[in-house]
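Q: What follows is a predicted protein model with its sequence.
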Amino acid sequence: MRFALAPEQRDFAGSLRKICETAGTPNIVRSWSGGDHRGGRGLIRQLAGAGALGLIVDERYGGFGATPVDLVVACVEFGRAAVPGPLVETAAVIPALLQALPDPAPAQRWLPALAEGTVLGTIGPAADQPALDADTAEVVLAVDGDRLSAAHRIGPIRSVDAARRLFSTAADETVAEGDGVRAAAAAAFDAGVLAVAAQTLGAGRALLDTSVSYVKQRRQFGKPIGQYQAVKHHLANVLIGLEMAEPLLYRAALSVAGDDPDIRARDVSAAKVACADAAYRAARTALQVHGAIGYTAEFDLSLWLTKVMALRTAWGTGDFHRGRVAAALRAERGAA
Amino acid sequence: MDLDFDSGAEEFRAEVREFLRANVPATPLPSMDTRAGFEAHRAWERTMAEARLSVVAWPAEFGGRDASLLEWVLFEEEYYAAGAPGRVSQNGIFLLAPTLFEHGSPEQLGRILPRMARGDDIWAQAWSEPEAGSDLAGIRSTARRTTGGWILDGQKTWSSRAAYADWAFGLFRSDPDAERHRGLTYVMFPLTADGVTVRPIPQLDGEPGFAELFLDSVFVPDRDVIGEPHNGWQVAMATSSNERGLSLRSPGRFTATARRLLDLWRETADPADTAARNAVVDCWIGAEAYRLATWGTVTRLAEGGKLGAESSVNKVFWSDLDIGLHETALDLLGAAAERSGPWTDGYLFSLAGPIYAGTNEIQRNIVAERLLGLPR
Ligand SMILES: Cc1cc2nc3c(=O)[nH]c(=O)nc-3n(C[C@H](O)[C@H](O)[C@H](O)COP(=O)(O)OP(=O)(O)OC[C@H]3O[C@@H](n4cnc5c(N)ncnc54)[C@H](O)[C@@H]3O)c2cc1C
């Protein structure tokens, strides 16, 4: 039993964090929101160069054959820096989907370029979710029941987070069909839920860090507002929520690596609920402790606030995921 | 990263499970806050001691198993899953003993620990005073030097199980001129000593779960002082992070309660009632989160880390979780929630969680100042 990240995994997180810091994500996010993807694509290629996109892609398709835990490590950093783009789709969902198909051809066709970060992929609808960033992604897929198709975009649909550019899709050529698609799509959905939970937690961490430095420096009534107990207790609650959500996330990553689909579904949903709630609390609190400046679009905090608000319901609402956990727990009757 | 236990840990877990299966009383013991219940719980401590399972984490020479933290957590999981009785000796084994291991003399260890392990001496914690609750350094009860020992005077209160316990430990002001945190001495005294009066105080459930202690010229020999005189605050701090952290509230307690809540939900709830469903799921997620966070702590400590201010994160979390578990159960029970029974008893007890072991307001201050670095 060793329930902690390995030193190499911490180093990996550190190197991704450094890349994002150097790139300065806020400007990249703002351009991305306006449809200029150059900066974002450059950053994503750099992240891919550090190994962040091909983590769960098999070595035979040009990936790293790493574990879902590694995927979580990367996605937490994507969220911390608010990196824009269809990262969950490119790094988690499409690899999980294509590698679970009985026919290896689609994986051979798309995964090497996706792992390299030179090509982005998106998929929709996944859990009623429109396709994210279908205006820049080269690979657009759609799943409908037991049919997987290449697709083209229709839209756009505005998200509360301007950096999430959403589109409906219309199917073109069929890529795969049959029960295999259904099972692969289920596994891919869980990989997506895991990755988005990680991204959400990372954004929550960033919101807490920003809040802590702000309240140490902002003064009212002659002292830093961080000295007031009401502010302290808000932020303490945020930390407690994030600290207690994180272990569920790593547990879910272990379950995704395992071979029991019920436990996998239960644990990714539990992680999604806890990470979304913790990050949402971080967002609400961050806005509150920043006062009016937090309510402006000019101030960079807004980029994380709207991201968390979008991710809270993306890939399944809290109610949906609680329902999945409940179904798994009901089925466990007598098992424990 | 993994959650797999080695065969040694699994064997130990199997032995514990077998012992509990064979020995846990079929009908729950009466409340340990009653005289009869207290003695029944003491007898249970003896039964466990005979199997050398009452203090598994202690060294073998004092009745333990030298169990690792990981094995202890597994022990606790099994213990609560089996519905075994509450630990009447918990103040001693989880609060005083760690202090003694760190600061006690060999003579104290040899004299005190084996009796504690068998339940021969049940210990009460005598820290709080009427004027010193959260601000523990404000205590006024005194220890005055005399030949061969100290004379205690003053009043302690809210002392759990002191109504029936044998001994108590606590802090006394020994140097009135020193700063608040200096000049305190950590002392042990028998509750039957001359000059000690114990007044039981009924709690919300009507049973005398704690008591007030009046001390009138109580003599304590030097050998019952822990650590250096006047250095009691430092000695006591070792105990308090234990109290908030793992040792008082192992996750086994909450995973077992969550399991009972799931059973109640499956038996009573309308599957279409999504509000009830969501509340139950949140409880399960909370218990699971706390359990997993503990495995993280176990790993960190096994690799040489120290349990610091993060035990305050635990404290706030488990106390809120405990209330949530019980409130949810009461909601499921509906009008039947009014009738006394395990869920109402557990609910009343859970309400004390945010108050004892350092109130949650104090814990949030610690989290904000020590973990987030906010100004004092
Ligand atoms: C069931 C139970 C068992 C107990 N067992 C024991 C025992 O065995 N031995 C023992 O010694 N004691 C025991 N206690 C006492 C417990 O440790 C104290 O109740 C606790 O320390 C709080 O002190 P108080 O009750 O005097 O409340 P106070 O300190 O008077 O606090 C009252 C309220 O004010 C708030 N408050 C106080 N100071 C601050 C601050 N600085 N910032 C923000 N809010 C603040 C508190 O959080 C609380 O909400 C027990 C209590 C309970 C309920």
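A: Everything's here; your move.
Q: right, and the helix or strand after the host helix or strand of residue A:122?
A: Element membership for residue A:122, per DSSP states H and E: strand A:121-123. Downstream of strand A:121-123, the first helix or strand assigned by DSSP H and E is strand A:131-132.
Q: Determine the longest helix present in chain B.
A: As assigned by DSSP state H, the longest helix anywhere in chain B is helix B:274-302.
Q: tell me what the following helix or strand past that one is packed against?
A: Going down the chain from helix B:274-302, the next helix or strand is helix B:310-333, by DSSP H and E. The contact analysis (3 or more CB pairs under 8 Å, 6 or more residues apart in numbering or on different chains; DSSP states H and E) places helix B:310-333 against helix A:229-257, helix B:232-244, helix B:251-268, helix B:274-302, helix B:342-351, helix B:360-366. Quick note: C-beta positions are derived from backbone N, CA and C, even for glycine.
Q: hey, which of these is tucked in deepest?
A: When you average the neighbours per residue for each of these (mean count of other CB atoms under 10 Å in any protein chain shown), helix A:229-257 leads with a mean of 23.
Q: just how off-centre is that one within its chain?
A: Relative to the chain's own centre, helix A:229-257 is displaced by 16 Å; criterion: CA atoms, centre = their mean, to the nearest Å.
Q: could you check the angle helix B:310-333 makes with that helix?
A: With axes from the mean of the first three to the mean of the last three CA atoms, to 10 degrees defining the directions, helix A:229-257 sits at 80 degrees from helix B:310-333.
Q: is chain B contacted by the helix or strand following helix A:229-257?
A: Counting by DSSP H and E, the next helix or strand C-terminal to helix A:229-257 is helix A:261-290. Yes. Helix A:261-290 is in contact with chain B by CB under 8 Å from any CB of the partner chain, via A:270, A:273-274.
Q: in chain B, which segments are predicted with low confidence?
A: Residues of chain B meeting the criterion pLDDT under 70: B:239-248.
Q: Show me what residue of it gets nearest to the ligand.
A: Relative to the ligand, the nearest point of chain B is residue B:133 (1.8 Å; CB to the nearest ligand atom).
Q: about what we covered before: a markdown table please, covering the helices and strands packed on helix B:310-333 and showing distance to residue A:28.
A: Output for these, formatted as a markdown table (distance: least, CB to CB, whole Å):
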| stretch | distance to residue A:28 |
| --- | --- |
| helix A:229-257 | 25 |
| helix B:232-244 | 43 |
| helix B:251-268 | 42 |
| helix B:274-302 | 33 |
| helix B:342-351 | 48 |
| helix B:360-366 | 36 |
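Q: Please state the offset of the lengthiest helix in chain A from the chain centre?
A: What stands out as the longest helix in chain A, according to DSSP H, is helix A:179-217. Helix A:179-217 sits 4 Å away from the centroid of its parent chain (CA atoms, centre = their mean).
Q: Is it in proximity to chain B?
A: Yes. Residues of helix A:179-217 contacting chain B under CB under 8 Å from any CB: A:208, A:212, A:215-216.
Q: hmm, who's touching the strand or helix carrying residue A:115?
A: For residue A:115, the enclosing helix or strand under DSSP H and E is helix A:105-116. The contact list for helix A:105-116, computed with CB atoms under 8 Å, 6 or more residues apart in numbering or on different chains, reads A:48, A:53-54, A:57-58, A:61-64, A:90-91, A:94-95, A:98-99, A:101, A:119-121, A:138-139, A:148, A:175-176.
Q: Separate out the buried members of those.
A: Neighbour counting with 16 or more other CB atoms under 10 Å in any protein chain shown marks A:48, A:53-54, A:57-58, A:61, A:63-64, A:90-91, A:94-95, A:98-99, A:101, A:119-121, A:139, A:148, A:175-176 as buried within the contacts of helix A:105-116.
Q: Select from those residues every entry located in helices.
A: Going by DSSP H, the helices hold A:48, A:94-95, A:98-99 from those.
Q: quick check, nearest of those residues to chain B?
A: residue A:95 (20.2 Å; CB to the nearest CB).
Q: so what's that closest one scoring on pLDDT?
A: Looking at residue A:95, its pLDDT reads 98.
Q: Tell me the one among the residues of helix A:261-290 next to chain B nearest to the ligand.
A: Using CB to the nearest ligand atom, residue A:274 is the member of the residues of helix A:261-290 next to chain B that lies nearest the ligand, at 26.4 Å.
Q: Would you agree residue A:185 is in contact with residue A:97?
A: Yes. Between residue A:185 and residue A:97 there is a contact under CB atoms under 8 Å: 6.3 Å.
Q: Now do the shared contacts for the two.
A: With CB under 8 Å, 6+ apart as the test, residue A:185 and residue A:97 both reach A:143, A:148.
Q: neighbour-wise, which of these two wins?
A: residue A:97 (29 against 24; other CB atoms under 10 Å in any protein chain shown).
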